[in-house]
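In: next one to model:
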Amino acid sequence: MTELKVAALESLQLKDMQELAGSPGPCITFLLPPYRPGAQAQPAAAILKTHLQEAMRQLDARRIPLSVATDLLAPVRQLAETDKFQSGSNLGCAIFRSQDVFAKFDMIGPTKADLTVGGSFYIRPILAELHLPAEFYVLKLSKKGVGLLRCAHLRAEPVPLPKGIPATLEEALAFKPPDHDLFNRSSAGPSVGAMQGVSFSTDSGHEKQHAYLLDFYKAVDRGIEELLHNSNAPLVLAGVDEDTASYRSVRAYQYLVKQSVHGNPDNGKPQDDLLRQAYQIVRDDRTEQAAAALRDAQERVHPSRFLTDLNAILAAAVEGRVHRLYIDDAARKLGVFQGARRGGRLDWGEEDLLNVAAIETILQGGLPFTLPSGRMPEGAVAAAILRY
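Out: Numbers count the residues shown, from 1 in each chain. The predicted structure follows:
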């Protein structure tokens with residue numbers, strides 16, 4: 001057997017999904033939750049070793065020759081023994097193994113341990129990752145200053161603001177002339193003795209500070225617009241509610257995500273935690289966009305091109321007619337799929353037909369999405385927009 005090295009899928013594109021979807025069985029999918037040494041949960045390496053034993057049993061039950069099963073699982077066994085894998089990770093992961101695929105994909109979202117052996121990979125848990133942008137940015141806000149992070153491939157790196165954009169409120173104030181009109185004098189009354197007049201302010205200190213803060217955030221937003229205007233990259237704010245609300249009130253950058261990472265970004269919070277929250281916010285934002293597109297399709301697409309019957313969706317997916325597929329992320333529909341696939345008719349017994357619908361849609365160039373139950377058409381576990 002030719003040695004295969006694990007392919008780290010740092011970001012998903014449709015071509016990656018088509019490679020996974022088109023792989024002939026047996027296809028083995030391992031889902032592993034995040035784990036940090038010292039945590040009460042079972043280590044991912046231990047879970048994987050248990051799953052390897054169960055995978056061998058299931059392959060034997062499907063009458064896969066022992067030599068083939070051993071070769072299939074050998075690279076995964078080696079992965080389970082590596083120091084890097086045993087040291088744990090704060091990310092969950094999916095491992096895909098077939099005769100011509102050995103790939104590992106790290107996942108931001110919550111992941112439960114699972115094993116699937118069948119005629120195709122179990123891709124539903126990673127569908128949300130398919131629609132993440134290649135990059136997005138996090139703007140850390142505080143009165144002490146701002147910091148910009150570029151997020152890509154589940155990592156973050158600092159990005160300097162354009163030249164001339166202040167990074168702190170103090171720096172912004174250094175370039176702002178004092179407002180002499182804020183102070184006036186009144187004639188002294190009898191209670192102030194021989195004083196010729198009394199100084200007073202026409203604005204409270206808090207209001208003046210807030211006005212300066214808004215000017216500072218306006219300047220920062222101009223820098224963001226200058227830096228990102230050609231990328232259309234989403235921007236996530238991180239800060240206390242007062243700062244994020246102030247920034248939103250003056251921002252012009254149109255790709256600002258609605259949700260924010262709450263809390264002071266300068267309080268020593270690990271950057272991994274900030275990154276994970278930001279990725280989840282961007283995932284949720286993309287989910288809301290998909291849900292809005294589905295609602296719009298229900299209103300404008302002709303009923304003949306909008307399906308919610310799963311059997312009809314499966315048939316249309318095999319024929320290459322499904323343009324967009326929406327799946328209830330909490331639903332499972334077990335059954336035996338009898339449709340023709342690449343390589344001929346395959347019989348792997350019961351499998352999740354919603355996963356099959358996603359596989360067939362991807363193979364024909366369509367796009368599948370997962371949505372919460374409350375975002376699906378009433379009573380439907382799947383909905384499809386057809387090409388014709």
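In: avg pLDDT for stretch 375-388?
Out: Taken as a whole, stretch 375-388 has an average pLDDT of 95.
In: hang on, residue 54 packs against residue 115?
Out: Yes: applying CB atoms under 8 Å as the test, residue 54 and residue 115 come out as touching, 5.7 Å apart. C-beta: built from backbone N, CA, C; applies to glycine.
In: more neighbours: which of the two?
Out: residue 115 (20 against 11; other CB atoms under 10 Å).
In: might you report the residue contacts of that one?
Out: 28-31, 51, 54-55 (CB atoms under 8 Å, 6 or more residues apart in numbering).
In: if we use 7 Å, what do you get?
Out: Shown in contact with residue 115 (CB atoms under 7 Å, 6 or more residues apart in numbering): 30, 51, 54-55.
In: now it. Nearest residue, chain neighbours left out?
Out: The shortest distance from residue 115 to any non-neighbouring residue, by CB to CB, 6 or more residues apart in numbering, is to residue 51 (4.4 Å).
In: check what pLDDT residue 40 gets.
Out: We note a pLDDT of 62 for residue 40 in this prediction.
In: go on, residue 213?
Out: For residue 213, pLDDT reads 87.
In: what packs against the helix or strand harbouring residue 80?
Out: Taking DSSP states H and E as the definition, residue 80 sits inside helix 66-81. Helices and strands touching helix 66-81, by 3 or more CB pairs under 7 Å, 6 or more residues apart in numbering; DSSP states H and E, are helix 44-61, strand 92-97.
In: in the stretch 201-350 of the chain, which spans are strands?
Out: For the stretch 201-350 of the chain, the strands defined by DSSP state E, counting those that start in this stretch occupy 235-239, 256-262, 306-307, 322-328, 334-336, 340-341, 344-345, 350-352.
In: gap between the residue nearest to residue 115 and residue 106?
Out: 17 Å (CB to CB, to the nearest Å).
In: again with residue 33
Out: 12 Å.
In: again with residue 77
Out: Residue 77 is 20 Å from residue 106, by CB to CB.
In: residue 354 now?
Out: With CB to CB as the criterion, residue 354 and residue 106 are 24 Å apart.
In: between those two, which one's more packed in?
Out: Legend: neighbour count by other CB under 10 Å for residue 354 and residue 106, higher for residue 354 (25 against 18).
In: you'd agree that one is in a strand?
Out: No: membership of residue 354 in a strand is not supported by DSSP: H, G, I helix; E, B strand; the rest coil, which gives helix.
In: dump the residue contacts of it.
Out: When contacts are counted by CB under 7 Å, 6+ apart, residue 354 touches 124, 327, 331-333, 381-382.
In: between the residues you listed, which is nearest residue 23?
Out: Nearest to residue 23 among the contacts of residue 354 is residue 124, at 15.8 Å by CB to CB.
In: which residue, other than its chain neighbours, is closest to the closest one?
Out: Nearest one to residue 124, counting by CB to CB, 6+ apart, is residue 355 at 5.1 Å.
In: excluding its backbone neighbours, what's nearest the residue nearest in space to the middle of the chain?
Out: Most central in the chain under CA atoms, centre = their mean is residue 283, positioned 3.5 Å from the mean C-alpha point. The spatially closest residue to residue 283, leaving aside those adjacent along the chain, is residue 128, at 5.5 Å (CB to CB, 6+ apart).
In: kind regards, and thank you for your time.
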